[in-house]
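Asker: can't give you the sequence, but here's the structure:
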């Protein structure tokens, strides 16, 4: 009974890591769709909504079943609760990648991010994608120290967002209101995506150490 | 044993409803701070961060304790899981109210929202506050139909957000980039606040009916 419980838990965490990695891939695609006005790629990200929802609902159901059928305690309970929270984080990451793809589609064939802020957003996109990969690895390795590493990359995302505001609000910003608004929202989506990746790593830390995720 | 479990569960849900109501009050204060450039009120919202975090951490811990000590099944398990998710929603609502208070503080003594979009945001602020109150009532009454009612108000928030973009992107927008960026972000914060209130009502529906929150 307990062995089948642990096998199911391992399989759930494996799928969760895969889903986090996929969310990172979606964000990479959304970022490319944005910077290259690639409509087909934007559509590809947007058409993944049903798959993502089904995947996350399935993982959520499996968490609930594990709670009902096995009534886990101690570490096992922590793992199920952490997984349940992380499923929601992964779902939000996927949604945020879709928000960026939506802007790429809405503004096509224009590249919505003007030259001045493009390098800032290219870096944010890269960091966001790599944070999703790091979160997946944290789940796989159950590394309690990963949260700290992810928080450092997240700090860089926050700094880049502040940098983007400096550019948007500078007197020599010559691209008008609409690209500035798009850029501000895209920056917000990257920032939240990174926050959710860090939240997953914090859940991993919690499931290993038993200390609350925010410590 | 089961009686003390239900007493603790009722007390937890009571506190959760209070916390949702408080988040609504914070959003009302943040909206007033914004529209009247009221720095003291903005500071009041921002200084509540520690209290909010302690309150949500406490509720989260109580959910985990109920799972460990009582190993609830069926409806009882659903209530604990729903409460655990709703705690995170309330915490995010509080954070979003703080984001709006931060803009009010940063731009003080300027009112960051120019006249043209002010009525749109006044209405969004009112709806967001009332959605938090509705979410609190949904928890208290355990009304499975509340999700549908909240979703309607949420639709109006989404429509107002689209209306704000029409104003910001119109050719006669005369207030420049920075107020437009602020307005776009504030609109996003209201929208997410409303989404979390709806998510709480969906959790209530789930705990009563056992159907997944998104049905």
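Answerer: In hand now; what should we look at? If you're wondering where the values come from, they're calculated on a predicted model, not measured in any experiment. Numbers count the residues shown, from 1 in each chain, chains lettered A, B, ... in the order given.
Asker: Now do the phi/psi pair for residue A:172.
Answerer: Dihedral pair for residue A:172: phi -90, psi 10, per degrees, to the nearest 10.
Asker: distance of it from residue A:163?
Answerer: Distance of residue A:172 to residue A:163, computed by CB to CB, to the nearest Å: 15 Å. C-beta: built from backbone N, CA, C; applies to glycine.
Asker: same thing with residue A:120?
Answerer: Residue A:120 sits 6 Å away from residue A:163, going by CB to CB.
Asker: Show me which of those two is the more surrounded one.
Answerer: Between residue A:120 and residue A:163, residue A:120 has the larger neighbour count (other CB atoms under 10 Å in any protein chain shown), namely 22 against 16.
Asker: For burial, what's the neighbour tally of residue A:107?
Answerer: Residues near residue A:107, counting by other CB under 10 Å: 17.
Asker: how much space between the nearest residue to residue A:34 once chain neighbours are set aside and residue B:128?
Answerer: Leaving aside its sequence neighbours, residue A:34 sits nearest to residue A:104 (CB to CB, 6 or more residues apart in numbering or on different chains; 4.5 Å). Distance of residue A:104 to residue B:128, given as CB to CB: 29 Å.
Asker: Equivalent analysis for residue A:182, please.
Answerer: On the measure of CB to CB, residue A:182 and residue B:128 end up 24 Å apart.
Asker: Tell me which of these two has more neighbours.
Answerer: For residue A:182 and residue B:128, the more surrounded residue by other CB under 10 Å is residue B:128, and the numbers stand at 30 against 24.
Asker: so which helix or strand takes in residue A:92?
Answerer: Element membership for residue A:92 (DSSP states H and E) is helix A:74-107.
Asker: what is the mean pLDDT for the helix or strand just after that helix?
Answerer: For helix A:74-107, the following helix or strand on the C-terminal side (DSSP H and E) is helix A:118-141. On average, the pLDDT along helix A:118-141 is 96.
Asker: How about helix A:118-141 and chain B, touching?
Answerer: No - residues of helix A:118-141 contacting chain B under CB under 8 Å from any CB of the partner chain: none, with a closest distance of 14.7 Å.
Asker: Could you do stretch A:52-69 as well?
Answerer: Yes - for stretch A:52-69 and chain B, the contact criterion (CB under 8 Å from any CB) is met by A:53, A:57, A:60, A:61, A:64, A:67, A:68.
Asker: quick one: least confident helix or strand in chain A?
Answerer: Across the helices and strands of chain A, mean pLDDT, DSSP states H and E gives its lowest value to helix A:49-70, namely a mean of 91.
Asker: Show me which parts of it are buried, residue by residue.
Answerer: Neighbour counts over helix A:49-70 (16 or more other CB atoms under 10 Å in any protein chain shown) mark A:52, A:55, A:56, A:59, A:60, A:62, A:63, A:64, A:66, A:67, A:70 as buried.
Asker: Which other helices and strands does it contact?
Answerer: For helix A:49-70, the packing partners by 3 or more CB pairs under 8 Å, 6 or more residues apart in numbering or on different chains; DSSP states H and E come out as helix A:2-35, helix A:74-107, helix B:74-107.
Asker: any chance of those helices in JSON lines, with mean pLDDT too?
Answerer: Below are those laid out as JSON lines (pLDDT from 0 to 100):
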{"stretch": "helix A:2-35", "mean pLDDT": "95"}
{"stretch": "helix A:74-107", "mean pLDDT": "94"}
{"stretch": "helix B:74-107", "mean pLDDT": "94"}
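Asker: Kindly reformat these as a markdown table and extend each row with distance to residue B:193.
Answerer: Listed next are the helices and strands packed on helix A:49-70 as a markdown table, based on distance: least, CB to CB, whole Å:
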| stretch | distance to residue B:193 |
| --- | --- |
| helix A:2-35 | 23 |
| helix A:74-107 | 15 |
| helix B:74-107 | 4 |
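Asker: Quick check: which of these is nearest to residue B:197?
Answerer: Nearest of these to residue B:197, taken as CB to CB: helix B:74-107 at 6.8 Å.
Asker: Buried residues in that closest one, which are they?
Answerer: For helix B:74-107, the neighbour count (16+ other CB under 10 Å) marks B:76-105, B:107 as buried.
Asker: Give me the distance between residue A:146 and chain B.
Answerer: Residue A:146 is 21 Å from chain B, where distance means CB to the nearest CB, to the nearest Å.
Asker: which residues touch that residue?
Answerer: Contact analysis of residue A:146 by CB atoms under 8 Å, 6 or more residues apart in numbering or on different chains lists A:134, A:135, A:137, A:138, A:201, A:204, A:205.
Asker: again with residue A:150
Answerer: For residue A:150, the contact set (CB under 8 Å, 6+ apart) comprises A:131, A:134, A:135, A:138, A:197, A:198, A:201.
Asker: which of these lies closest to residue A:3?
Answerer: The closest of those to residue A:3 turns out to be residue A:138 (CB to CB; 25.0 Å).
Asker: Double-check the closest one against residue A:198; I have them as touching.
Answerer: No - shown here, residue A:138 and residue A:198 do not form a contact pair, counting by CB atoms under 8 Å, at 9.9 Å.
Asker: Give the intersection of the neighbour lists for those two.
Answerer: Residues touching both residue A:138 and residue A:198 (CB under 8 Å, 6+ apart): A:147, A:150.
Asker: Quick check: phi and psi on residue A:110?
Answerer: Backbone geometry at residue A:110, expressed as degrees, to the nearest 10, gives phi -70, psi 140.
Asker: And it, how far from chain B?
Answerer: When distance is defined by CB to the nearest CB, residue A:110 is 13 Å away from chain B.
Asker: Need the pLDDT of that residue.
Answerer: 92.
Asker: And for it, nearest residue in space, chain neighbours not counted?
Answerer: Residue A:110's closest residue in space is residue A:37 (CB to CB, 6+ apart), at 6.6 Å.
Asker: need the contact list for that neighbour.
Answerer: Contact analysis of residue A:37 by CB under 8 Å, 6+ apart lists A:104, A:107, A:108, A:109, A:110, A:111.
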